[in-house]
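Student: Please find the sequence and the predicted model below.
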Amino acid sequence: MPIDPVCGMEVSEETEFKVEYGEKTYYFCSPHCKAQFEANPEKYVKEEGMKHEHGMHSHTHKHGRGHGCCCH
C-alpha cells in the first residue's frame, strides 16, 4: 500500500486524493494532506528521498508523525 508522504498513513491506491508529481503518483488520506503536499511538494519528495538513502536502516525524519493520521 502507498504511504501518504505528509502524515505517514497507509493509503489505498483507490483514494480520490492523489497527485502526479515528477513522474510519480502520490496518494493521500485526506484533502488536508493533499493540499499540504501541493503547497510544497519538494519538502515531501526530499523527505521521501532521505528515507531511501538509509537503506536497510530506513527510518523517517518526520518526527511527530506516525501511522495514526490526525489530518481528517
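Tutor: In hand now; what should we look at? Numbering: from 1, shown residues only.
Student: what about the protein, any weak spots by pLDDT?
Tutor: Applying pLDDT under 70 to the chain flags the ranges 51-72.
Student: quick one, helices of it?
Tutor: Shown for the chain, the helices assigned by DSSP state H span residues 31-39, 41-53.
Student: who does the first one touch, helix- and strand-wise?
Tutor: In terms of contact count using 3 or more CB pairs under 8 Å, 6 or more residues apart in numbering; DSSP states H and E, helix 31-39 is assigned the packing partners strand 18-21. C-beta coordinates here come from the backbone N, C-alpha and C atoms, glycine included.
Student: still on that earlier bit, could I get the helices of the chain in JSON lines, plus columns for distance to G8 and mean neighbour count?
Tutor: Output for these, formatted as JSON lines (distance: least, CB to CB, whole Å; neighbours: other CB atoms under 10 Å):
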{"stretch": "helix 31-39", "distance to G8": "10", "mean neighbour count": "17"}
{"stretch": "helix 41-53", "distance to G8": "10", "mean neighbour count": "13"}
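Student: Include distance to V11 when you put those helices into JSON lines, please.
Tutor: Converted to JSON lines, the helices of the chain look like this (distance: least, CB to CB, whole Å):
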{"stretch": "helix 31-39", "distance to V11": "9"}
{"stretch": "helix 41-53", "distance to V11": "14"}
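Student: These: which one's closest to G22?
Tutor: Nearest to G22 among those is helix 41-53; the distance by CB to CB comes to 6.5 Å.
Student: now for the helices of the chain, which one comes closest to E23?
Tutor: Proximity to E23, assessed across those by CB to CB, is greatest for helix 41-53 (11.3 Å).
Student: Check which helices and strands the closest one is in contact with.
Tutor: By 3+ CB pairs under 8 Å, 6+ apart, helix 41-53 packs against strand 18-21.
Student: What strands flank the strand it packs on, and is each parallel or antiparallel?
Tutor: strand 24-27 (antiparallel) (DSSP bridges).
Student: just the CA coordinates of the partner strand, formatted as PDB?
Tutor: Taking C-alpha atoms only, strand 24-27 is exported to PDB below (Å, rounded to 0.1, in the frame of the first residue of the first chain):
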ATOM      1  CA  LYS A  24       5.200   9.600  -9.800                       C
ATOM      2  CA  THR A  25       1.800   9.400  -8.200                       C
ATOM      3  CA  TYR A  26       1.400  10.400  -4.600                       C
ATOM      4  CA  TYR A  27      -1.600   9.200  -2.600                       C
END
